[in-house]
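just need the structure, nothing else, for what follows:
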Amino acid sequence: MDAARALREIAFWLERADAPTYRVRAFRRAAAVVDELPDLDERVAAGRLTALEGIGRTTAAVIEAAHRGEVPDYLARLRSEVDVPERGAALRAALRGDCHTHSDWSDGGSPIAEMATTARDLGHEWIALTDHSPRLKVARGLSADRMREQLDVVAELNRRLAPFRILTGIEVDILADGSLDQEEELLARLDVVVASAHSELRMPAAEMTRRMCAAVANPHVDVLGHCTGRLIGARKRPQSTFDAAAVFRACRDHGVAVEINSRPDRLDPPRELIRLARDIGCLFSIDSDAHAPGQLDWLAHGCARAEECEVPPDRVLNTRTADQLTAAG
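Got it, this is the predicted structure:
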């Protein structure tokens, strides 16, 4: 078994399990060290791996086992612990891409190329790269100039990775008045625009309703991201209050998909709102909101919820090819 690949697979499963970042980085760092080693055979034979900066006892044990052609115990345990929802398998198989992903250009942990190649290896035909907009400084949101620079980087990666495709995009912040946190000219150039509220989530319901309806009325918006803003699990945050029927009617009328966010700490919107959006006639986008390669596999959670809520697959944006998706926009 290839040692660097074993280390990266461990990092993938740790990310999927939402393990602490420092643990994931230890395995990715060790994989990068192995990639550059000209004398791996000699170092393994001499037991000198831990003398290298970036390799500790745990990662050394993984390298040694892989070098012997064995599946490392650490990797075998993680594989056995993978939690795959029972529902939603058919819908998951029908998804061709993911409309909401992040890279290390904003608050993601990995380069664009690594996110793209992992998505490709998972069976995706495309992903939309949707790093944050400038107002979200805590997430290193992209200024207009950095956004333009990223477009050039994506164009070059698409030449290298074809036929896999990275769609240009952004997760643009919905400002308090419903306007969007990026230049209109730039938004018009992008393949996928996810509009999300990240601040002032406790504003009165009437104001929040007007804010969200104004955002989805913008002709450049394709997806309304994690619409209630709730967080569940260890980090709890109550959902925003708004007239969901009014917001979903605005989404339907403007052709904006309601996101089914697959992050385990969001699972947003709640099931009753998914059903309401379904009954109103909305489109949907089942997205990972991945900030690391392993999190791209979180789509299974959203697919399970969509199937449970009887969302018709033909109303899910990411069952479409990249050409179909961009043509519809």
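
the chain: helices as residue ranges?
3-16, 21-35, 40-46, 57-67, 73-80, 89-94, 112-121, 144-161, 184-189, 205-216, 244-254, 271-280, 299-308, 322-328 (DSSP state H).

so, low pLDDT: which residues of the protein?
329 (pLDDT under 70).

domain ranges for it?
The chain resolves into domains spanning 3-80, 89-328 when parsed by automatic domain parsing.

switch the helices of the chain over to TSV; also include distance to Asp314.
For every residue, glycine as well, the C-beta is placed using N, CA and C. Output for these, formatted as TSV (distance: least, Cβ to Cβ, whole Å):
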stretch	distance to Asp314
helix 3-16	28
helix 21-35	37
helix 40-46	50
helix 57-67	44
helix 73-80	34
helix 89-94	10
helix 112-121	23
helix 144-161	27
helix 184-189	27
helix 205-216	21
helix 244-254	15
helix 271-280	12
helix 299-308	12
helix 322-328	12
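
redo the domains of the chain as JSON lines? Include mean neighbour count.
Output for those, formatted as JSON lines (neighbours: other Cβ atoms under 10 Å):
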{"stretch": "domain 3-80", "mean neighbour count": "17"}
{"stretch": "domain 89-328", "mean neighbour count": "20"}
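
circling back to that earlier point, looking at the helices of the chain, which is closest to Arg237?
Nearest to Arg237, of all the helices of the chain, is helix 205-216, at 14.4 Å by Cβ to Cβ.

which residues are in contact with the closest one?
174, 176-180, 195, 197, 201, 203, 221, 224, 227, 240-243, 246-247, 250-251, 254, 256 (Cβ atoms under 8 Å, 6 or more residues apart in numbering).

do you know which of the helices of the chain lies nearest Ser103?
helix 112-121 (4.5 Å).

just the C-alpha atoms of the closest one, please, in CSV.
Extracted C-alpha coordinates of helix 112-121, given in CSV (Å, rounded to 0.1, in the frame of the first residue of the first chain):
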residue,chain,number,x,y,z
ILE,A,112,-8.5,24.2,-4.7
ALA,A,113,-6.7,21.4,-6.6
GLU,A,114,-6.9,19.1,-3.6
MET,A,115,-10.6,19.8,-3.2
ALA,A,116,-11.2,19.2,-6.9
THR,A,117,-9.3,16.0,-7.2
THR,A,118,-10.9,14.5,-4.1
ALA,A,119,-14.4,15.4,-5.5
ARG,A,120,-13.4,13.7,-8.7
ASP,A,121,-12.2,10.6,-6.9
